[in-house]
Every structure is written in C-alpha cells, then in structure tokens.
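Visitor: Turn this into a structure:
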Amino acid sequence: MKIFVKVKPNAKKELLKKVDDMHFVISVTAPPKDGKANRAVLRVLSDYLGVPPSRLEILTGHTSRFKVIAVH
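Guide: Sure thing, here's the model as predicted:
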C-alpha cells in the first residue's frame with residue numbers, strides 16, 4: 001500500500017491530517033536536517049496506522065516535502 005504525504009517540518013505541534021484514504025498532511029516539530037523530520041514523519045504515521053515504524057519505508061521524497069511511503 002502506498003501513502004502520499006505532505007510534510008511540514010519545524011511546526012509548533014505534531015499533527016496528522018487525513019485528506020483522503022491515501023493522502024495525509026503531517027506536521028512535525030523536528031527540523032529537516034540529518035533525516036530527523038523523516039524519522040518523525042514515520043513515527044507519527046506508524047502511531048496513526050498502528051504498525052511498527054520498521055514496516056514503513058520512504059520510497060520517494062527523502063529530501064522533499066512531498067513523500068511516497070510504502071506500508072509493508
């Protein structure tokens with residue numbers, strides 16, 4: 001399953017907004033440096049989906065605000 005995410009780093013609060021079944025907007029407090037925001041996005045998404053973060057993989061968008069994440 002693929003999920004499309006728009007990331008907002010350096011936010012005041014961590015927040016997940018579901019646009020539809022496959023699209024999300026995720027705000028994280030982590031800065032977009034050294035992969036911190038990517039790890040925070042995976043953590044927030046894994047909490048929402050109820051799966052461990054190890055089952056999520058960023059397919060595209062490692063350095064972009066728009067990411068495609070696979071759920072294994």
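
Visitor: what's the spacing between the nearest residue to V71 once chain neighbours are set aside and T29?
Guide: With Cβ to Cβ, 6 or more residues apart in numbering as the criterion, V71 has its nearest non-adjacent residue at 4.6 Å, and that residue is M1. From N, CA and C alone the C-beta is placed, and that goes for glycine too. Distance, M1 to T29, using Cβ to Cβ, to the nearest Å: 27 Å.

Visitor: Compare the two (neighbour count), which wins?
Guide: Using other Cβ atoms under 10 Å as the criterion, M1 and T29 rank with T29 on top: 14 against 9.

Visitor: Please tell me the pLDDT value assigned to that one.
Guide: pLDDT, T29: 96.

Visitor: so it makes contact with A40?
Guide: Yes: in this structure, T29 is within contact of A40 by Cβ atoms under 8 Å, at 7.2 Å.

Visitor: anything in contact with each of those two?
Guide: Common contacts of T29 and A40 (Cβ atoms under 8 Å, 6 or more residues apart in numbering): E14.

Visitor: circling back to that earlier point, can you verify my assumption that the residue nearest to V71 contacts V68?
Guide: No: using Cβ under 8 Å, M1 makes no contact with V68, being 11.0 Å away.

Visitor: Next up, identify which helix or strand the residue nearest to the spatial centre of the chain is on.
Guide: The chain has V41 as the residue nearest its centroid, 3.2 Å off, counting by Cα atoms, centre = their mean. Using DSSP states H and E, V41 sits in helix 36-49.
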